[in-house]
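K.L.:
Sharing a sequence plus its predicted fold:
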Amino acid sequence: MTTPLAIAMGDSAGIGPEITAKAWNARELHSLAPFFAVGDPRAVQKVWDGPIALISDPAEAEAAFADALPIVSVGDAGDVTPGTPDVDGARCALQSLEMACGLTRSGAASALVTGPVSKALLYRIGFTYPGQTEFVAERCGVAGDNTVMMLAGPTLRVVPITVHVPLADVPHLISIELVLAKARVTARGLHRNFGIDRPRLAFAGLNPHAGEGGAIGREEIDILAPAIEQLRAEGIDAVGPFAADTMFHARARAGYDAALCLYHDQALIPIKTLHFDDGVNTTLGLPIVRTSPDHGTAFGIAGRDEANPGAMIAAIRMASAQAERRVEATAPAQ
């Protein structure tokens, strides 16, 4: 029997329920592994008239998957209105995330896929984490510095070394120690989750033209160069720092397996430009596999049958592939 993937559907008023259902519709076209959704089934019924199978145990998902979207009902999203978010939907999203994460940690699910949530509404109900990544890391007993948020598409993988912080704070937050920690997790994750034997890491500079030899900034000289030298001494294939404006064309991308960037937009602008409809957020450094579509709740189009499920499908496929690699890596030699 195949262990299914768990999908926490995210905010009930967003596009998470719709793209989850559309991914199930496309299961045969994209050869998707069996999965089950976790959340309020009414949120799916509001936006989709396809078949649903309410299950109480993930073990029931595989048998139901061929004929209906399996759903573990959890939480109460209240009076669900697509495109009209409220705190009831946020509570349901958090309960769904907690349940799906727990099922994955226990081994009842092979991987966790998280749908888009509204952090603003989660904060209103007492959520204290910067995002779902940090929540899942804590539930897995992993410190934030030991995890990495990677955004991945078919032709590019990027890692923001600092994430949801003001741009003005970035120069004060980056350090040799932080760069080393994120790079080590990235290298291990590329090997463990993506099957890359010797990952190639390329670093973007913080300043224009990577500081122009110190003329317009010294972070490249004082922080990045020593960190890269240390990584090489450890046997990690690390290069840079490079001017960020020349790192993301096709020839440059062929030279590395992941680009490590110093701040959020430096990483996310290229990945979303190249892979807006099939980009995946995956967390490296966890004892479980976790992926997520690289987009938000899109409340403005929720309930209009306009949501593109491409990123959800890509997140499911990536989660399945990573889970399979982990199983293969731990299987005894024949």
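P.N.:
Structure received. Numbering: from 1, shown residues only.
K.L.:
Check the secondary structure at V158 for me.
P.N.:
Secondary structure for V158, judged by DSSP: H, G, I helix; E, B strand; the rest coil, is strand.
K.L.:
Does it touch D265 like I think?
P.N.:
No: using C-beta atoms under 8 Å, V158 makes no contact with D265, being 10.9 Å away. For every residue, glycine as well, the C-beta is placed using N, CA and C.
K.L.:
which of the two has more neighbours?
P.N.:
Taking neighbours as other C-beta atoms under 10 Å, V158 and D265 compare with V158 leading, 26 against 11.
K.L.:
List the contacts of that one.
P.N.:
The neighbours of V158, taking C-beta atoms under 8 Å, 6 or more residues apart in numbering as the test, are M150, L151, A152, A258, A259, L260, C261, A267, L268, P270, I271.
K.L.:
And the third one, how far from A311?
P.N.:
Right, A152. Using C-beta to C-beta, to the nearest Å, A152 is found at 11 Å from A311.
K.L.:
Find residues that contact each of these two.
P.N.:
The contact sets of A152 and A311 overlap at G279, V280 (C-beta under 8 Å, 6+ apart).
K.L.:
how many other residues sit next to A8?
P.N.:
If you count neighbours by other C-beta under 10 Å, A8 ends up with 30.
K.L.:
repeat for the one 5 residues further on
P.N.:
If you count neighbours by other C-beta under 10 Å, A13 ends up with 29.
K.L.:
Show the contacting residues for the closest residue to F65 other than its chain neighbours.
P.N.:
Nearest residue to F65 in three dimensions, chain neighbours excluded: P34, at 4.2 Å (C-beta to C-beta, 6 or more residues apart in numbering). Contact partners of P34, counting by C-beta under 8 Å, 6+ apart, are T2, P4, L5, A61, E62, F65, P70.
K.L.:
ChimeraX command to pick out the buried ones of these?
P.N.:
The buried residues among those can be selected in ChimeraX (16 or more other C-beta atoms under 10 Å) with this line:
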select :4,5,61,62,65,70
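K.L.:
Kindly reformat the contacts of P34 as JSON lines containing distance to A238, secondary structure and pLDDT.
P.N.:
Formatted as JSON lines, the contacts of P34 follow (distance: C-beta to C-beta, whole Å; DSSP: H, G, I helix; E, B strand; the rest coil; pLDDT from 0 to 100):
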{"residue": "T2", "distance to A238": "38", "secondary structure": "coil", "pLDDT": "71"}
{"residue": "P4", "distance to A238": "37", "secondary structure": "coil", "pLDDT": "96"}
{"residue": "L5", "distance to A238": "33", "secondary structure": "strand", "pLDDT": "96"}
{"residue": "A61", "distance to A238": "41", "secondary structure": "helix", "pLDDT": "95"}
{"residue": "E62", "distance to A238": "42", "secondary structure": "helix", "pLDDT": "92"}
{"residue": "F65", "distance to A238": "42", "secondary structure": "helix", "pLDDT": "96"}
{"residue": "P70", "distance to A238": "43", "secondary structure": "strand", "pLDDT": "97"}
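K.L.:
Go through the contacts of P34 and say which is closest to A53.
P.N.:
Comparing the contacts of P34 against A53 with C-beta to C-beta picks out P70 as the nearest, at 4.9 Å.
K.L.:
related to what we said a few turns ago, looking at the contacts of P34, spot the one nearest E212.
P.N.:
Ranked by distance to E212 (C-beta to C-beta), those are led by L5 at 47.0 Å.
K.L.:
Now do the phi/psi pair for R139.
P.N.:
phi -60, psi -30 (degrees, to the nearest 10).
K.L.:
That one: how many residues sit nearby?
P.N.:
Look at R139: counted by other C-beta under 10 Å, it has 17 neighbours.
K.L.:
contacting residues for the residue nearest to it when sequence neighbours are not counted?
P.N.:
Excluding the flanking residues, the one nearest R139 by C-beta to C-beta, 6+ apart is C101, at 5.1 Å. Contacts for C101 (C-beta under 8 Å, 6+ apart) come out as A8, L112, F135, V136, R139, C140, I288.
K.L.:
what residue is smack in the middle of this protein?
P.N.:
Nearest to the geometric centre of the chain sits N281, at 2.3 Å (C-alpha atoms, centre = their mean).
K.L.:
List of residues touching the helix or strand containing that residue?
P.N.:
Using DSSP states H and E, N281 sits within strand 280-284. Residues outside strand 280-284 that contact it (C-beta under 8 Å, 6+ apart) are 133, 136-137, 147-153, 185-186, 188-190, 193, 289-294, 311, 314-315, 318-319, 322.
K.L.:
Helices along the stretch 151-300 of the chain, start to end?
P.N.:
170-173, 176-194, 219, 225-233, 250-253, 264-274 (DSSP state H, counting those that start in this stretch).
K.L.:
can I get those in JSON lines with distance to G75?
P.N.:
Output for those, formatted as JSON lines (distance: least, C-beta to C-beta, whole Å):
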{"stretch": "helix 170-173", "distance to G75": "35"}
{"stretch": "helix 176-194", "distance to G75": "29"}
{"stretch": "helix 219", "distance to G75": "45"}
{"stretch": "helix 225-233", "distance to G75": "43"}
{"stretch": "helix 250-253", "distance to G75": "41"}
{"stretch": "helix 264-274", "distance to G75": "30"}
